[in-house]
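Peer 1: Sequence and predicted structure below; questions after.
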Amino acid sequence: MIEALGLTPPFFLFDEEFDVPRRFRHDTQEGFCFTRSKPGGYQNNQDAMAVVSGINDALVLAVADGLGGLPNGAKVARRAVESLASLTCTSLPECIQSVNDVMLSDGFVGGCTLAVAEIACGQVVVHHVGDAGALIVSDLGAVRFKTVPHSPVGRAEAHEGLEEAAALSHPQRHVVSNMIGDDRMWVETSAPVTLQPGDTVVVASDGLWDNFFRKEIVEMVVNDDLLAVSQAIVNRATARMTATLASVPAKKDDLSFIVFRFAG
């Protein structure tokens, strides 16, 4: 059972503007979610989020990021996360593929990236398309899992020795090589990760990943108070998006994230 403050489970969030993170519970465990358009943005929030009970009662945490360079970004993000509540599919990748196929057959122009954490029986499997991503951090600050963005810059950092600082300041960091809405779309699915008590799962759009060094995100996540974690992300991301210092990552963007703490 998913319980949420002010929301009816399963719940979806579209074009929302949060002032503070919102809390949800799943059995004895809790999480927080947040979404907001970029500071000084000229358009609506292009992100969409979902927290739903998925196949075999798995807890599904999803963030989709509509591509602003194409039309209908917010609509594509909405269609992507809505599909994950469908219990007619045999798997989440099948649901994602189905959305992509329908968009192509309908001639619907647009695109989005997507990251989904599927949590069941003490394990998490991550599915992602593009540069929306997920991170799993232990209570002692060890990175137990992270996605690699489907982008030229993400690949260069992961496999070709590009330094993290150079990747975060790269002029092409916004370019993706995989998206929902493309006939070449593919879903990367991780091996199952067995969660340990105190592990925190973070699922977010690139509005989070492009504004921090990884160690900074880990430092924020390692806190006993998950609300404090969520508020720190909001406050520091807001400061980064309006920063003028060349020494830190800074990119104005919609910010959407879900943090979930595994209690064991």
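Peer 2: Looks like it arrived, so ask away.

Peer 1: Show the pLDDT at the residue nearest the centre of the chain.
Peer 2: Against the mean C-alpha coordinate of the chain, by C-alpha atoms, centre = their mean, the closest residue is Ala204 at 2.4 Å. Looking at Ala204, its pLDDT reads 98.

Peer 1: element containing the residue nearest to it when sequence neighbours are not counted, please.
Peer 2: Spatial nearest neighbour of Ala204, excluding adjacent residues (C-beta to C-beta, 6 or more residues apart in numbering): Phe257 at 3.7 Å. The C-beta positions use only the backbone N, C-alpha and C, and glycine is treated the same way. Assessed by DSSP states H and E, Phe257 sits inside strand 255-261.

Peer 1: Just list the residues touching Ala134, thanks.
Peer 2: When contacts are counted by C-beta atoms under 8 Å, 6 or more residues apart in numbering, Ala134 touches Ala115, Val116, Ala117, Val126, His128, Phe145, Lys146, Thr147, Val201, Val202, Val203, Ala204.

Peer 1: what's the next secondary structure element after the helix or strand harbouring it?
Peer 2: Element membership for Ala134, per DSSP H and E: strand 133-137. Using DSSP H and E, the next helix or strand after strand 133-137 towards the C-terminus is strand 143-146.

Peer 1: partners of that next one in the sheet?
Peer 2: Applying DSSP bridges, strand 143-146 is found paired with strand 133-137 (antiparallel).

Peer 1: Now name the helix or strand holding Ile119.
Peer 2: Secondary structure from DSSP H and E places Ile119 in strand 112-120.

Peer 1: again, but for Arg155
Peer 2: Using DSSP H and E, Arg155 sits in helix 152-159.

Peer 1: show me the contacts for the nearest residue to Ala117 once chain neighbours are set aside.
Peer 2: Nearest in space to Ala117, with sequence neighbours left out and distances taken as C-beta to C-beta, 6+ apart, is Leu61 at 4.5 Å. By C-beta under 8 Å, 6+ apart, Leu61 lies in contact with Gly31, Ala50, Val51, Val116, Ala117, Ile119, Val201, Val203, Ile258, Phe260.

Peer 1: that's a helix at Leu61, yeah?
Peer 2: No - counting by DSSP: H, G, I helix; E, B strand; the rest coil, Leu61 is not found in a helix; it is strand.

Peer 1: Dig out what it forms beta bridges with.
Peer 2: Beta-bridge pairing of Leu61 under DSSP bridges involves Val51, Ala117.

Peer 1: Return the distance of it relative to Met241.
Peer 2: 23 Å (C-beta to C-beta, to the nearest Å).

Peer 1: and what of Ala74?
Peer 2: Computed as C-beta to C-beta, the Ala74 to Met241 distance reads 19 Å.

Peer 1: Then Ile136?
Peer 2: Using C-beta to C-beta, one gets 25 Å for the distance from Ile136 to Met241.

Peer 1: what about Asn44, neighbour count?
Peer 2: Residues lying near Asn44 (other C-beta atoms under 10 Å) number 15.

Peer 1: okay, the closest residue to Gln231 other than its chain neighbours: pLDDT?
Peer 2: In space, and not counting its chain neighbours, Gln231 is closest to Pro21: 6.3 Å by C-beta to C-beta, 6+ apart. Pro21 carries a pLDDT value of 93.

Peer 1: got it, and Val201?
Peer 2: On pLDDT, Val201 comes in at 98.

Peer 1: coming back round to it: what's across from the residue nearest to Ala204 in the sheet?
Peer 2: Here Phe257, judged by DSSP bridges, has bridge partners Phe34, Ala204.

Peer 1: ok, it to Asn56 distance?
Peer 2: 25 Å.

Peer 1: More neighbours: these two, which one.
Peer 2: Phe257 (26 against 9).

Peer 1: what residues are up against the more buried one?
Peer 2: Neighbouring residues of Phe257 by C-beta under 8 Å, 6+ apart: Cys33, Phe34, Thr35, Val63, Val202, Val203, Ala204, Ser205, Leu208, Ser230, Ile233.
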